[in-house]
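Trainee: Task: produce atomic coordinates for the following.
(one chain, ligands or ions: 1)
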Amino acid sequence: MEFYKYQGTGNDFVMIDNRDLQFPKDKEMIEKLCDRRFGIGADGLILLENDDNYDFKMVYYNSDGGESTMCGNGGRCLVAFAFFLDIFENKCKFIAIDGEHDAEIHNGIVKLKMIDVNTISNDGEDAVLNTGSPHYVKYVEDIVNYNVFAEGHGIRNSENYKEKGINVNFVEKITDDEIFVRTYERGVEDETFSCGTGVTASALTFLEKNNLISVKVKTLGGNLKVYAEKNGNSFQNIWLEGPAKQVFRGKIDLL
Ligand SMILES: N[C@H](CCC[C@H](N)C(=O)O)C(=O)O
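Mentor: Below is the predicted model of the structure:
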C-alpha cells in the first residue's frame, strides 16, 4: 500500500489516497501504522476519499487508531495532499466529520476555514470550546518550562472530561498580537508539536479577551495565524493559516 507522510507545524500524519476505498479501516492496524517504532510513525492517519458534493472527503484517525473529530493541521495537510494529486487548482471545498471546509493553498501555505464557534464556556478561570474537536484552554506563565504532559494528562482524565476526553491547551501571551500554545492531545495521549483545532481554540480566547481579529500563534513545531470575526458571543469566518509539507512517500505491506 502506498502512503505519504505530511507535517503541518510538526503535527504529522500518514496520508492515504483512499478514493478506491481499498483501505481496511482497522483500529489495530491504524495504531500500528502510527507507531513511531513498529510502523511509519505519526500523530494521526488521514484518508482522502471521494464525495459527490465536494472536491474530496476527510476521514481522520488519532494515533490510538480511533476515528476522531476534526483535525485542523490534518485538514491543512490534506489540502496540500489533494493539491499534489491535482484534485484542484488553488481553492477547494471538502467535507469532514464536523461539516464542510473551504481552503486555499499558495506556495505551501494553506488557509483552512474552520467551523463557527457559538459558545465559549468557562471551567473556573479556564475556557472550554469546540472548534471541530473539544478543547480546554488555560493561560500560564513560563510556558517553555511548563509540565504540559502531567498537567494536560490530569485535566484530560479528570472527572468532568475523562469519559469523552478533551484536548488541553496551555497558552502564554508573547506580545499584543502573538501567543505561544502547547497542547496535550486526546487520542495521542501526549503533547504534540502543534494542534490546529487547539491553536484555533486558544486564539479565539485571546481574540475575545483583546478584541482583535487576528493573532499569530507560535507552537513547538512552527508558526500559524488565526483570523476570525466576532459577532456577539460567537465567532464566524474563522481561518487557520500555516505551512503543510510532504516529508516522504513510501510503500508498506498492511501489517
Ligand atoms: N486529537 C484531536 C484530533 C486532532 C486534533 C489536532 N491534531 C488538530 O490539528 O486539530 C481529538 O481527538 O480531538
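Trainee: quick one: contacts for residue 144?
Mentor: With contacts taken as C-beta atoms under 8 Å, 6 or more residues apart in numbering, residue 144 has the following neighbours: residue 180. Every C-beta, even on glycine, is put in place using the N, C-alpha and C of the backbone.
Trainee: does it sit in a helix, a strand or a coil?
Mentor: Assigned with DSSP: H, G, I helix; E, B strand; the rest coil, residue 144 falls in the helix class.
Trainee: Remind me which helix or strand residue 173 belongs to.
Mentor: Element membership of residue 173, judged by DSSP states H and E, is strand 167-175.
Trainee: So which bits of this protein are right by the ligand?
Mentor: Residues of the chain found near the ligand (C-beta under 6 Å from any ligand atom) are 11, 43, 62, 68-69, 71-74, 133, 167, 185-188, 195-197.
Trainee: Tell me the buried residues within the residues you listed.
Mentor: Applying 16 or more other C-beta atoms under 10 Å to the residues of the chain next to the ligand, the neighbour count classes 11, 43, 62, 68-69, 71-74, 133, 167, 185-188, 195-197 as buried.
Trainee: just the strands in the stretch 151-255 of the chain please.
Mentor: 167-175, 178-185, 190-192, 214-219, 222-231, 234-243, 245-251 (DSSP state E, counting those that start in this stretch).
Trainee: Let's have those in a markdown table, adding mean pLDDT.
Mentor: Rendered in a markdown table, the data for those read as follows (pLDDT from 0 to 100):
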| stretch | mean pLDDT |
| --- | --- |
| strand 167-175 | 98 |
| strand 178-185 | 98 |
| strand 190-192 | 98 |
| strand 214-219 | 98 |
| strand 222-231 | 97 |
| strand 234-243 | 97 |
| strand 245-251 | 98 |
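Trainee: Using a markdown table, lay out those strands together with distance to residue 29.
Mentor: As requested, the strands of the stretch 151-255 of the chain are exported to a markdown table (distance: least, C-beta to C-beta, whole Å):
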| stretch | distance to residue 29 |
| --- | --- |
| strand 167-175 | 24 |
| strand 178-185 | 21 |
| strand 190-192 | 21 |
| strand 214-219 | 29 |
| strand 222-231 | 30 |
| strand 234-243 | 29 |
| strand 245-251 | 15 |
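Trainee: Of all these, which one is nearest residue 108?
Mentor: The closest approach between residue 108 and any of the strands of the stretch 151-255 of the chain, judged by C-beta to C-beta, belongs to strand 234-243 at 5.7 Å.
Trainee: now that closest one and strand 222-231, what's the angle there?
Mentor: Angle between the axes of strand 234-243 and strand 222-231 is 160 degrees (criterion: axes from the mean of the first three to the mean of the last three C-alpha atoms, to 10 degrees).
Trainee: Check which helices and strands strand 234-243 is in contact with.
Mentor: Helices and strands touching strand 234-243, as assessed by 3 or more C-beta pairs under 8 Å, 6 or more residues apart in numbering; DSSP states H and E, comprise helix 72-84, strand 109-114, helix 196-210, strand 222-231.
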